[in-house]
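A.B. asks: Quick one: sequence and predicted model below, then my questions.
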Amino acid sequence: MEMTPKEIVKYLDEYVVGQKDAKKTIAIALRNRYRRMQLPKEWQDDILPKNILMIGPTGVGKTEIARRMAKMMKVPFVKVEASKYTEVGFVGRDVESMIRDLVNNSMNLVRAELEEASKEKIEENVIDEITRKLLPPLPKNAPEEKQQEYKIAFERMKEKVKSGAMDNAKIEIEIDEDMDMGDDLPPEMVKAQESIVKIIGIFNKSSKKKEVTVKEAKELLRKQAAEKVINKDELKKEALKRAENGIIFIDEIDKIAATGNTRQDPSKEGVQRDLLPIVEGSTVNTKYGYVNTDHILFIAAGAFHVSKPSDLIPELQGRFPLRVELQSLDEEALYQILTRPKHSLIKQYQKLLEVEGVELVFDEEALREIAKYAYLANEKTEDIGARRLHTVVEKVLEDINFNADEYKGQTFKITKDYVQERLEDIVENEEIAKYIL
Ligand SMILES: Nc1ncnc2c1ncn2[C@@H]1O[C@H](COP(=O)(O)OP(=O)(O)OP(=O)(O)O)[C@@H](O)[C@H]1O
């Protein structure tokens, strides 16, 4: 990762509107991680990686910034809610499960990359397999000349399978159906479960025979072919490495801070104490191997309406020295979010309706009006940030979305009047607005 902080901010600007301070802070934190990794080991050990605390209301882009960052760096990302964890020894999720989640995501991320890189090989594998099924089998000790014939027939058939000419032919394939091992279980439990499964093995790795068309087989066999082509050790090694550089977003951290009169809330403080070793750097056992948490970037976030960051236990406060406040969104910001990002909400709806052959065009004034109503609804009911745009746009486009099949080939122009007509009554009536927007 060799992007400079300026480049990182520029990248984030494409997806996230405003929130300059937060972007800057995360860019610096990432660059510092990179700088630290270039140093000799003895220095690395002494420089503690700095984690971030994002303070701000709901729906203003906290998660979005973190998620985009992870995507850009091609590292796994998980978002967890601090209030979902319980102290070790109590019923509920233990904090280490966030590392297991991260590793699972990392496996998926790296697997997808490896599959993409071996796309052609996997494809070839699938075509070969189908071709073999379509031809009568070659007897074991067939004479040389028969073998030659088979080879020629094989190549010919392969071309046909590839081109799609055989797509409607039926073949019988075997599909592995492996039992799902709980991803959320601690590794000792997974091991126990696996041994049980081994004993009753025959029931587990059952493969099912199924008659399908060649076209369907091309889809169904891909997963098995990928399994064969991808190097499992390489996958696991790379996934663990990426997980160790991943990003964990701990939302609602303010909910586990003890506040004023409940100062000594043992369960909340217990969760904080459990979090500490993970954030400080420790080794967690997962079903794919050990993960060292030293370099994971932790981003804690919360609104801190009731509690304050200083209500967290001091050790934890110390681990999140980079503090940044995010701003709540005004009408202009909402308008920008609606229209500007690469995959903005408006563009998403346009793309969706394109599938139905309906073109959606928005007047500039209509977009301003949507932002205005979203802002009003946030003011009048509860401020849920940019999430309000989803409900508002959904309401405006409800009829069009429902009847899209009748409008094939048509262009729909959304005007200011249209938006007003759809929303006026709802926003006027606070009670209704609470339920609908
Ligand atoms: N500043 C922004 N720019 C672009 N999109 C935004 C912005 N703020 C919010 N959004 C969009 O609104 C939705 C919710 O935002 P996000 O998930 O980042 O909320 P959050 O601040 O993390 O709140 P919470 O803590 O409740 O999860 C996302 O779809 C996101 O894309």
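C.D. replies: Arrived safely.
A.B. asks: ok, now which ones touch the residue in the stretch 301-437 of the chain positioned nearest to the ligand?
C.D. replies: At 3.3 Å from the ligand, Ala386 is the closest residue in the stretch 301-437 of the chain, using CB to the nearest ligand atom. No exception for glycine: its C-beta is placed from N, CA and C like everyone else's. By CB atoms under 8 Å, 6 or more residues apart in numbering, the contact set of Ala386 is Gly59, Val60, Gly61, Leu329, Leu334, Ile337.
A.B. asks: which of the residues you listed are close to the ligand?
C.D. replies: Gly59, Val60, Gly61, Ile337 (CB under 6 Å from any ligand atom).
A.B. asks: How far away from the center of its chain is stretch 31-50?
C.D. replies: Chain-centre distance of stretch 31-50: 28 Å, with CA atoms, centre = their mean, to the nearest Å.
A.B. asks: The nearest residue to Glu238 once chain neighbours are set aside: which element?
C.D. replies: Spatial nearest neighbour of Glu238, chain neighbours left out: Val110 (4.9 Å); criterion: CB to CB, 6 or more residues apart in numbering. Using DSSP states H and E, Val110 sits in helix 97-117.
A.B. asks: got a list of contacts for stretch 20-27?
C.D. replies: Outside stretch 20-27, the residues that reach it (CB under 8 Å, 6+ apart) are 5-6, 8-9, 12-13, 16, 52, 54, 56, 61-62, 65-66, 69, 299, 322, 324-326.
A.B. asks: Please point out which parts of that stretch sit buried.
C.D. replies: Within stretch 20-27, the residues that count as buried by 16 or more other CB atoms under 10 Å are Ala22, Lys23, Lys24, Thr25, Ile26, Ala27.
A.B. asks: if we can go back for a sec, got the confidence number for the residue of the stretch 301-437 of the chain closest to the ligand?
C.D. replies: At Ala386, the predicted lDDT confidence score is 94.
A.B. asks: And Tyr335, by the same measure?
C.D. replies: On the pLDDT scale, Tyr335 gets 95.
A.B. asks: wait, is it part of a helix?
C.D. replies: Yes: under DSSP: H, G, I helix; E, B strand; the rest coil, Tyr335 sits within a helix.
A.B. asks: That one is in contact with Ala371, isn't it?
C.D. replies: Yes: using CB atoms under 8 Å as the test, Tyr335 is close enough to Ala371 to be in contact (3.7 Å).
A.B. asks: Could you count how many residues lie near the residue of the stretch 151-300 of the chain found nearest the ligand?
C.D. replies: The ligand sits closest to Asp251 of the stretch 151-300 of the chain, with a gap of 4.9 Å, by CB to the nearest ligand atom. Asp251 has 22 neighbouring residues, counting by other CB atoms under 10 Å.
A.B. asks: Give me every residue in the protein lying close to the ligand.
C.D. replies: 16-19, 58-64, 251, 301, 337, 341, 385-387.
A.B. asks: go again using 5 Å as the cut-off
C.D. replies: The chain comes close to the ligand at residues Val16, Val17, Thr58, Gly59, Val60, Gly61, Lys62, Thr63, Glu64, Asp251, Ile337, Ala386, as judged by CB under 5 Å from any ligand atom.
A.B. asks: Am I right that the fourth one is in a helix?
C.D. replies: No: inclusion of Gly59 in a helix is not indicated when three-state DSSP is applied; the result is coil.
A.B. asks: What's the local residue count around it?
C.D. replies: Residues within reach of Gly59, counting by other CB under 10 Å, total 20.
A.B. asks: and what of the first one?
C.D. replies: For Val16, the count of nearby residues is 23 (other CB under 10 Å).
A.B. asks: same check, this time on the fifth one
C.D. replies: Here the count is done by other CB under 10 Å, and Val60 has 27 residues near it.
A.B. asks: could you flag which of the contacts of stretch 20-27 are buried?
C.D. replies: Here, 16+ other CB under 10 Å leaves 5, 8-9, 12, 16, 52, 54, 56, 61-62, 65-66, 69, 299, 324, 326 buried among the contacts of stretch 20-27.
A.B. asks: Can you tell me which of those residues end up in helices?
C.D. replies: Judged by DSSP state H, those include Pro5, Ile8, Val9, Leu12, Lys62, Ile65, Ala66, Met69 as members of helices.
A.B. asks: how about the nearest residue to the first one, chain neighbours excluded?
C.D. replies: Counting by CB to CB, 6+ apart, Ala27 is the residue found nearest to Pro5 once chain neighbours are left out, at 3.8 Å.
A.B. asks: likewise Glu129?
C.D. replies: Nearest to Glu129 is Leu221, by CB to CB, 6+ apart, at 5.7 Å.
A.B. asks: for Glu398, what are its contacts?
C.D. replies: Shown in contact with Glu398 (CB under 8 Å, 6+ apart): Arg422.
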